[in-house]
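K.L.:
Build the 3D model from these lines:
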Amino acid sequence: MIKEAISVSIGLMLASPLVAEPLLEGRVRLASGEAVVAAQVMVFDLTDLQRGPVAQTTTDAAGYFALPLGGHALPQGFALGQNYPNPFNPSTVIPYQLPTAAHVRLDVFNVLGQRIETLVNEERPAGVHTVVWDATDAAGQAVAAGVYIYRLSGAGVELTRRMVLVDGQAGTAATVLPVSVGEALESAVGATSEPAEQTYGIVVSGAGVVPYVDAVFKVRAGMAPVEFVVESVENLPRGKALACGILGDVNNDGQVDLADALLVVVFNLDPSITAPNNGNIGLGDVTDDGTVNLADLLAIMTYVINPLDASLPTGIGQAATRVNWVAGPIRRLTNDAGVGYDANPVWSPSGGYIYFKSSGFDEFEVFGEDGDPGIYSLGVDDRRFSFPYLAKISPSEHHGVLVWSPDRRYIAFDFESDGNRDIYVQDREAETDAVRRLTNNSESDWDPAWSPDGTQIAFVSDRSGTWDIYVMDADGGEDEYLRRLTNKSDWDPVWSWESWDPAWSPDGTQIAFVSGPYSEPSIYLMEADGSNVRQLTYGGVDPTWSPDGKYIAYRSASAGNIHIPNIYVIDADGSNDYRLTHYDGYDGDPAWSPDGTQIAFVSYRDGDYNIYVMELLGSCE
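P.N.:
Numbers count the residues shown, from 1 in each chain. Just a heads-up that it's a prediction; the model follows:
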């Protein structure tokens, strides 16, 4: 149906020395004029977006690119085209085609068979590709004039061609593409009849830039070089730009169209992209399944063709009352294979660092001998160092999770000594003997949680014979200052209920916590005085509040197995449950960043428990 409604004939083929064909060439730069290096320039067949880009290339060190355009179908075999121009000085374009996705390598050798440079060494999709060689070696040094060999290898295929560098550029400044490649080709083959314009979908994206999208880009033979101007992500406001809009309108231009479909395709190729025009990738989840995927692409394309199609999801093209939470790019912050585990990530109040509990590592500076368990600090920029404020605690004991006081001066943590665990506080500003013990009970106290105003600390204790939530003044003191908030007999005297994981709401009026039989826990919510207990979820642990108090992230497993969970988000009233991660293993211990744009968590997805951070791409104000 899409192909019938959108009568666009688009395709790509390798450049031929006998026939002039359309060539898309030009430069990608920032508004400031700075060249964008390694930007992806992708060309899409609008009649078949599911197959991804039919051709793509990357910009060189000066922001330049070149893509030959002409044919109508995917390549039928591997091919390595002749570079153009040839001879050349100081740069040339090498085209190659792949009938299927494959890991390929494109190397340049001198006539002695010595490898000079590797231009491509990665997985590439099916289609036509080009790469620019600027006549430099792997060290970035200009090479001498002469004959060079370039070889394409991959999927059991090896193809070789020769090229000639004239005059060389040793000792001279390199200038990329001094003459239009299109003009050079036409001058080589003579005048040809000019074909009609062809329409493509063009997306230019790259690390740290907002994608440029054009769904009606016209290309013809002999066209002048183009210039794509992209915006730096650093110039965009974070988080606050994500707001409700029109469902399906990813780029926030007031309509659902082919540009939104192109962004959905690119998001599936690269989840780190940022939607243009302060848009929201989360609005692309028109099928309401918690992810932006190819099912959403098909729905958006169907809407573009016929907005009244009966098969369309409800609400597409209309103002959204809320946007599904969508997990964006996920980054691994720790990488401690086979030597222990990382757990319990906690953000610093500024959001610049993540503190976490670690066990069994010897690449960190720890409290005592290398390899002892301890609490460590990890900058979000991946700087690692030991946490200095617990230096007075013996390294031979097990440290638990730590939490900051709202004024950033104090840190509360649980610590096991003399046979049981208790709550401690450390003053970050004190120089010596800064640790104070707040509880001293024959049973264990753990999991401290500071109230937003800094006057109280909630914690878990089994001093009553079962795990329950208690609250004490932040100064500690005698038992009369303790208040027990939960009591299993209040709910069900038959089940052996436990309560743990207290988490204060940002306004301090409520506490989320986990309760139930340990094998079947769920998230509950109560007032700060322990009244009005209500169940929010059926299954789940590790509640953490969003900074605005509207949402709670937690870990759970759809089958009820808490040992193989994923990360979910619900509204603070327990409605609108959304799954953020989709990993067939352990994702847990979520921790919301202070600005509300990220969640740190623990995952076993790489064979060990490490700290990860995911971007959050969808929510409603």
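K.L.:
Contacts for stretch 543-553, please.
P.N.:
325, 501, 503-507, 512-514, 523, 536, 554, 567-572, 580, 590-596, 599, 619 (C-beta atoms under 8 Å, 6 or more residues apart in numbering). Bear in mind the C-beta positions are built from the backbone N, C-alpha and C, glycine included.
K.L.:
Give me the buried subset of these.
P.N.:
For these, a burial check counting by 16 or more other C-beta atoms under 10 Å picks out 325, 501, 503-505, 512-514, 523, 536, 554, 567-572, 580, 590-593, 596, 599, 619.
K.L.:
and Gln141, how many neighbours?
P.N.:
By other C-beta atoms under 10 Å, the residues close to Gln141 number 11.
K.L.:
can you map out the strands along the stretch 401-550 of the chain?
P.N.:
Counting by DSSP state E, counting those that start in this stretch, the segments of the stretch 401-550 of the chain that form strands are 410-417, 420-427, 435-437, 445-450, 456-461, 468-473, 483-484, 498-504, 510-516, 522-527, 534-535, 541-545.
K.L.:
Quick check: which of the ones you listed is nearest to Met163?
P.N.:
Taking C-beta to C-beta, strand 541-545 is the member of the strands of the stretch 401-550 of the chain nearest to Met163, at 57.3 Å.
K.L.:
after the closest one comes which helix or strand?
P.N.:
Per DSSP states H and E, the first helix or strand lying C-terminal to strand 541-545 is strand 551-556.
K.L.:
Paired strands for that next one, with orientation please.
P.N.:
Here strand 551-556 is paired, per DSSP bridges, with strand 541-545 (antiparallel), strand 566-571 (antiparallel).
K.L.:
contacting residues around the longest one?
P.N.:
Contacts with strand 566-571, where a contact means C-beta under 8 Å, 6+ apart, come from 325, 327, 523, 536-537, 540, 550-557, 576-583, 587-588, 590, 599, 601, 614.
K.L.:
Compute the inter-axis angle for that strand and strand 522-527.
P.N.:
Angle between the axes of strand 566-571 and strand 522-527 is 30 degrees (criterion: axes from the mean of the first three to the mean of the last three C-alpha atoms, to 10 degrees).
K.L.:
The following helix or strand past strand 566-571 pairs with which strands, parallel or anti?
P.N.:
Counting by DSSP H and E, the next helix or strand C-terminal to strand 566-571 is strand 578-579. Paired neighbours of strand 578-579 in the sheet (DSSP bridges): strand 566-571 (antiparallel).
K.L.:
Report the rounded mean pLDDT for the partner strand.
P.N.:
Averaged over strand 566-571, pLDDT sits at 90.
K.L.:
picking that back up, closest one to Leu49 among the strands of the stretch 401-550 of the chain?
P.N.:
Nearest of those to Leu49, taken as C-beta to C-beta: strand 541-545 at 37.1 Å.
K.L.:
could you check the angle strand 510-516 makes with that closest one?
P.N.:
Going by the same axes, to 10 degrees, strand 541-545 makes 170 degrees with strand 510-516.
K.L.:
And strand 541-545, how far out from the chain middle?
P.N.:
Centroid displacement of strand 541-545 relative to its chain, using C-alpha atoms, centre = their mean, to the nearest Å, is 21 Å.
K.L.:
Pull stretch 49-66 out as PDB, backbone CA atoms only.
P.N.:
Taking only C-alpha atoms (Å, rounded to 0.1, in the frame of the first residue of the first chain), the coordinates of stretch 49-66 have been written out as PDB:
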ATOM      1  CA  LEU A  49      12.100   2.600   4.900                       C
ATOM      2  CA  GLN A  50      12.100  -0.700   6.700                       C
ATOM      3  CA  ARG A  51      15.300  -1.800   5.000                       C
ATOM      4  CA  GLY A  52      17.200   1.200   6.400                       C
ATOM      5  CA  PRO A  53      19.500   3.400   4.400                       C
ATOM      6  CA  VAL A  54      20.200   2.200   0.900                       C
ATOM      7  CA  ALA A  55      23.500   4.100   0.900                       C
ATOM      8  CA  GLN A  56      25.500   6.000   3.400                       C
ATOM      9  CA  THR A  57      28.900   7.500   4.000                       C
ATOM     10  CA  THR A  58      30.800   9.500   6.600                       C
ATOM     11  CA  THR A  59      32.300  12.900   6.400                       C
ATOM     12  CA  ASP A  60      36.100  13.300   6.300                       C
ATOM     13  CA  ALA A  61      38.300  15.400   8.500                       C
ATOM     14  CA  ALA A  62      37.100  18.600   6.700                       C
ATOM     15  CA  GLY A  63      33.400  17.600   6.900                       C
ATOM     16  CA  TYR A  64      33.200  16.600   3.200                       C
ATOM     17  CA  PHE A  65      31.300  13.600   1.700                       C
ATOM     18  CA  ALA A  66      30.400  12.100  -1.700                       C
END
